[in-house]
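[1] generate coordinates for the sequence data below:
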Amino acid sequence: MPLVNRFADLLPEITEWRRDLHQNPELLFDVQRTAGVVADKLREFGVDEVVEGIGRTGVVGIINGKDNSSGNVIGLRADMDALPIHEASGVPHASTTDGKMHACGHDGHTAMLLGAAKYLSETRNFSGKVAVIFQPAEEGGGGGNEMVQDGMMDRFGIKEVYGMHNWPGMEIGKFAIRPGSIMAAADQFDIVVTGKGGHAAAPHRGIDPTVIASQITLALQSIVSRNIDPLENAVISVTSFNTDTISYNVIPQTVSIKGTVRTLSSEVRDQIKERMETVVEHTAKSMDATAELEYHYGYPVTVNSDKQTAFAAGIAEKVSGPDNVDADIAPVMGAEDFSYMLEARPGAFIFMGNGDTALLHHPEYDFNDEAIPHGCSYWVQLVEQAMPA
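    This is a model prediction of the structure:
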């Protein structure tokens, strides 16, 4: 059961949709044009129910199969938002809005799910129902959580949910997945160290927060190397270090530190937060300063359900062949807010090859349209195999 032949015919049309979305990127929840295009096309396809405004600006379409008596409903999710990046791809369909671009391929995700919706609406060769989910604000806004909190799962009776993301560097036609934790939780932290400012020529009369903040920065690295089980995965990265002065001869009063924490289990996540609190407080105290930590929980760990992961891997093998599916890929320390949907329902998140392209979030990135038939075929065959007519 290889690629669905219909998508060879639909490829030019789906590519046109994708490039239109690429030219008109929108950020976070401000995806009115994109959501409007999606809703209009779903109605044009004959989707049975189209609901807008789920999770503020999300869209859900319901496609009925030939027999709905089973009560089975499978959710398929694509994200719609772009990134605040100046595009440098040089492609003819580059962004027409300066400072915004589809640098993560959400334009391709949306176009592929639209292609699958068109096909499923035409054929309806399945039982049960399909919920095609178009989500806003994946790039930092938590749109997946907003849709879940808006009652999407119960409202549409969704029993299982599946997601997909393109992956640069992986060949077109290849897929990768794993059971359990596949993407990390992404938390943020702010630390403010307060000392006693003064003249740089007389540091002994003050309390230098730059030295203390530097000690804290180094001490934070010992948490991963000395407190976390070496068989666990964790990252603490300090990404910003700023003082309240720009002078060469002034010791500042305060230093602000920002950064991120990435973990693959809730236990390690909580352990790191607790150790950070201790390290920050007592490192500062030992040098007669004070320091405050604000820890912000972000997207949770993306955890694939065992049963649904095995099923999804099998579908990918049917589309591309067993040699083109890695069913035990190493976890990725990036984050994904599809995690909220997987906390609400069992399901699986899979990576699909985007070929030799620029990396995600790079200004020269562009989704590879050659991947479209593979992604569409995966969605369609997942539905038809999970809920055979």
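[2] hey, let's count contacts and neighbours off CA atoms from now on
    Will do.
[3] which residues in the stretch 201-350 of the chain form helices?
    209-226, 266-285, 306-320, 339-344 (DSSP state H, counting those that start in this stretch).
[4] render the CA-only coordinates of the second one in PDB, please.
    Put plainly, it is helix 266-285. C-alpha atoms of helix 266-285 as PDB (Å, rounded to 0.1, in the frame of the first residue of the first chain):
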ATOM      1  CA  SER A 266       8.200  15.200  34.800                       C
ATOM      2  CA  GLU A 267      10.400  13.900  37.600                       C
ATOM      3  CA  VAL A 268      13.600  15.300  36.200                       C
ATOM      4  CA  ARG A 269      11.800  18.500  35.400                       C
ATOM      5  CA  ASP A 270      10.700  19.000  39.100                       C
ATOM      6  CA  GLN A 271      14.100  17.900  40.300                       C
ATOM      7  CA  ILE A 272      15.900  20.600  38.300                       C
ATOM      8  CA  LYS A 273      13.600  23.300  39.400                       C
ATOM      9  CA  GLU A 274      14.200  22.400  43.100                       C
ATOM     10  CA  ARG A 275      18.000  22.300  42.600                       C
ATOM     11  CA  MET A 276      18.000  25.600  40.800                       C
ATOM     12  CA  GLU A 277      16.200  27.300  43.700                       C
ATOM     13  CA  THR A 278      18.800  26.000  46.100                       C
ATOM     14  CA  VAL A 279      21.800  26.900  43.900                       C
ATOM     15  CA  VAL A 280      20.600  30.400  43.100                       C
ATOM     16  CA  GLU A 281      19.600  31.300  46.700                       C
ATOM     17  CA  HIS A 282      22.700  29.900  48.400                       C
ATOM     18  CA  THR A 283      25.300  30.900  45.900                       C
ATOM     19  CA  ALA A 284      24.200  34.500  46.200                       C
ATOM     20  CA  LYS A 285      23.900  34.300  50.000                       C
END
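[5] contact partners of it?
    Defining contact as C-alpha atoms under 8 Å, 6 or more residues apart in numbering, one finds that helix 266-285 is touched by 185, 191, 193, 212-213, 215-216, 219-220, 223-224, 228, 232, 234, 262-263, 290-293, 295, 301.
[6] which residues of the stretch 1-150 of the chain fall in strands?
    For the stretch 1-150 of the chain, the strands defined by DSSP state E, counting those that start in this stretch occupy 49-54, 58-64, 73-79, 129-135.
[7] and the second one with strand 73-79, angle?
    Here the directions of strand 58-64 and strand 73-79 differ by 140 degrees (axes from the mean of the first three to the mean of the last three C-alpha atoms, to 10 degrees).
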